[in-house]
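A.B. asks: Here's my sequence, what's the structure:
(chains A and B, ligands or ions: 5)
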Amino acid sequence: MVDVMITIDKKLCKGCNICTEFCPHQVYEESGTLNKKGVHVPTPEHEERCTKCQICSLLCPDQAIQVDEDDES
Amino acid sequence: MEKTRENRFIKYLRKDRLPNIFCAGCGNGIVMNTFFNGMEMAQISMEDVVMVSGIGCSSRIPGYVKCDSLHTTHGRPISFATGLKLANPDMNVVVFSGDGDTAAIGGNHLIHGARRNMDLTVICINNSIYGMTGGQISPTSPHGSYGSTAPYGSLENPFDLSKLVTAAGASYVARWTTAHPLQLSSAIKKGLKNRGFSFIEVVSQCPTYFGRKNRMRSPIDMMRWMKEESVVKRKADGMDESELVGKIIVGDFHKKEAPEFTERICQLSSEQCPPEKPSAIRSAYRGDSSA
Ligand SMILES: Cc1ncc(C[n+]2csc(CCOP(=O)(O)OP(=O)(O)O)c2C)c(N)n1
Ligand code: SF4
Ligand code: SF4
Ligand code: SF4
Ligand SMILES: [Mg+2]
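C.D. replies: Ligands and ions are numbered 1, 2, ... in the order given. All right, here's what the predicted structure looks like:
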């Protein structure tokens, strides 16, 4: 298992769910709740499946996703 | 903690202008990412890049990027870019242009840029429609597709832009879609490295107009369509024309070594204006007509 840290910038995300659809390992889940901006921001619900392929951070049209190695201690 | 965890491309963007103006799931943002990725793969620094665009949603891309840029008039980015490149031969001049901008009002500039084999990297964001002005049919809208100017479906035949610029003289030509971000990044890298007219056609999604009018309401529907209907060139070469109806042929189409225009001009001016003779170009600006 890889230690990763996925961050979605809620100020940038427009809720298009391209990440949810095209992550090859179904890491993201659609959100059922609207945030203050009226956007359904997906959540990286299954971070443990992530292979850090970076497809999501390359596809996100709003540069809202960062996939990092988890270097927090 | 969270503030350091920004997307890897944010460093190239003018953060104060974000979020961008594009509709949710618009392909323009993906084209930006693949450009940054391709530029990094080509080991080119943003310092050495100038972006030029015309008018349209896609033409707003350079405005978000921290680099020198020109936002020009509709259809004319290749002309402005030609002048810019001739005056700054060491810069990587990149044009971002929509299908309307490139192929309708700008069609002539496109073929002449290709004919001269100007050293430009033209990224044509082909969403098959005029996004900015409300969904009118463009010269690349598929036959039968719907738009605000084609409520019964387009009766016209679309241009195959990649074929057009190949015939006109471009030296690198590729087509991918926003659903192929890795291949697209690599094509952009090759385009940047090619010394000559590079044309990268990106089949992209405008969910707001093309999608809504053509029964693909969401960006995901549109990207699934692009992924499922794409056929790589090598496979398409072995297929019958009837099997290719409605398909998007993708791949590296064309690469040739050919003399490039900026080099020819620079060579000509150094031949005609050797250091011992007064430079015709310099004297033109100084009002010195002795040359
Ligand atoms: C000379 C001129 N004619 C027409 C227009 C109106 N206009 C603005 S954008 C556009 C077409 C945009 O389509 P495209 O280039 O495909 O860009 P997109 O918005 O789809 O990215 C038109 C016709 C204009 N701005 N200037
Ligand atoms: S791809 Fe980006 S903008 Fe779209 S839902 Fe995912 S994080 Fe949000
Ligand atoms: S890096 Fe790859 S595996 Fe990880 S969330 Fe993104 S798309 Fe999924
Ligand atoms: S109108 Fe279409 S091309 Fe323009 S920003 Fe919206 S989705 Fe993108
Ligand atoms: Mg368009």
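A.B. asks: per-residue confidence for residue B:273?
C.D. replies: Residue-level confidence at residue B:273 comes out at 81, pLDDT.
A.B. asks: With residue B:90 as the reference, measure out to it.
C.D. replies: When Cβ to Cβ, to the nearest Å is applied, the distance between residue B:273 and residue B:90 equals 19 Å. The C-beta positions use only the backbone N, C-alpha and C, and glycine is treated the same way.
A.B. asks: Can you pick out the residue with more neighbours from these two?
C.D. replies: A count of neighbours by other Cβ atoms under 10 Å in any protein chain shown puts residue B:273 above the other of residue B:273 and residue B:90, at 16 against 7.
A.B. asks: Can you get me a residue count around the residue of the stretch 101-250 of chain B found nearest ligand 3?
C.D. replies: For the stretch 101-250 of chain B, the nearest residue to ligand 3 under the criterion Cβ to the nearest ligand atom is residue B:181, separated by 10.6 Å. Summarising burial for residue B:181: neighbours were counted as other Cβ under 10 Å, giving 21.
A.B. asks: now the helices for the stretch 101-250 of chain B?
C.D. replies: Counting by DSSP state H, counting those that start in this stretch, residue ranges of the helices within the stretch 101-250 of chain B are B:107-116, B:161-168, B:181-193, B:212-213, B:219-229, B:233-237.
A.B. asks: winner for burial among those helices?
C.D. replies: A comparison of those by mean neighbour count, using mean count of other Cβ atoms under 10 Å in any protein chain shown, puts helix B:181-193 on top with a mean of 22.
A.B. asks: Can you spell out which helices and strands pack onto it?
C.D. replies: In terms of contacts (3 or more Cβ pairs under 8 Å, 6 or more residues apart in numbering or on different chains; DSSP states H and E), helix B:181-193 is packed against helix A:55-59, helix B:28-41, strand B:121-126, strand B:172-177, strand B:198-203, strand B:248-255.
A.B. asks: That helix versus strand B:248-255: what angle between them?
C.D. replies: Our comparison of helix B:181-193 with strand B:248-255, counting by axes from the mean of the first three to the mean of the last three Cα atoms, to 10 degrees, yields an angle of 30 degrees.
A.B. asks: one step back: the residue of the stretch 101-250 of chain B closest to ligand 3 contacts residue A:59, correct?
C.D. replies: Yes - at 5.7 Å, residue B:181 counts as touching residue A:59 under the criterion of Cβ atoms under 8 Å.
A.B. asks: what sits in contact with each of the two?
C.D. replies: Contact criterion Cβ atoms under 8 Å, 6 or more residues apart in numbering or on different chains; residues bridging residue B:181 and residue A:59 by contacting each: B:30, B:33.
A.B. asks: In contact with residue 31, which residues?
C.D. replies: I'll assume chain A. Residue A:31 touches A:15, A:40, A:41, A:42, A:43, counting by Cβ under 8 Å, 6+ apart.
A.B. asks: Oops, wrong one, chain B.
C.D. replies: Taking Cβ under 8 Å, 6+ apart as the contact definition, residue B:31 lies against B:58, B:61, B:96, B:123, B:125, B:178, B:184, B:202, B:204.
A.B. asks: any idea how chain B splits into domains?
C.D. replies: For chain B, automatic domain parsing gives the domain ranges B:10-258, B:260-291.
A.B. asks: Relative to the whole chain's centre, how far out is the first one?
C.D. replies: Going back to what we said before, that points to domain B:10-258. Counting by Cα atoms, centre = their mean, to the nearest Å, domain B:10-258 is centred 4 Å from the centre of its parent chain.
A.B. asks: End to end on that domain, go ahead and measure it.
C.D. replies: Distances were taken as Cα to Cα, to the nearest Å; on that basis the terminal residues of domain B:10-258 are 36 Å apart.
A.B. asks: what about that domain, near ligand 4?
C.D. replies: Yes - using Cβ under 6 Å from any ligand atom, a contact is recorded between domain B:10-258 and ligand 4, made by B:22, B:23, B:26, B:28, B:57, B:127, B:131, B:132, B:206, B:207, B:208, B:209.
A.B. asks: Just give the nearest non-adjacent residue to the second one, would you?
C.D. replies: Residue nearest to residue B:23 in three dimensions, not counting chain neighbours: residue B:208, with 4.6 Å by Cβ to Cβ, 6 or more residues apart in numbering or on different chains.
A.B. asks: What ranges does chain A have for its strands?
C.D. replies: Assigned strands in chain A, in chain order: A:4-8, A:65-69 (criterion: DSSP state E).
A.B. asks: Output those in CSV, with mean pLDDT appended to each entry.
C.D. replies: Formatted as CSV, the entries for these read as follows, by pLDDT from 0 to 100:
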stretch, mean pLDDT
strand A:4-8, 92
strand A:65-69, 92
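A.B. asks: can these go into CSV with extra columns for mean neighbour count?
C.D. replies: Listed next are those as CSV, based on neighbours: other Cβ atoms under 10 Å in any protein chain shown:
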stretch, mean neighbour count
strand A:4-8, 19
strand A:65-69, 20
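A.B. asks: Dump these to TSV, plus distance to chain B.
C.D. replies: As requested, those are exported to TSV (distance: least, Cβ to the nearest Cβ, whole Å):
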stretch	distance to chain B
strand A:4-8	4
strand A:65-69	5
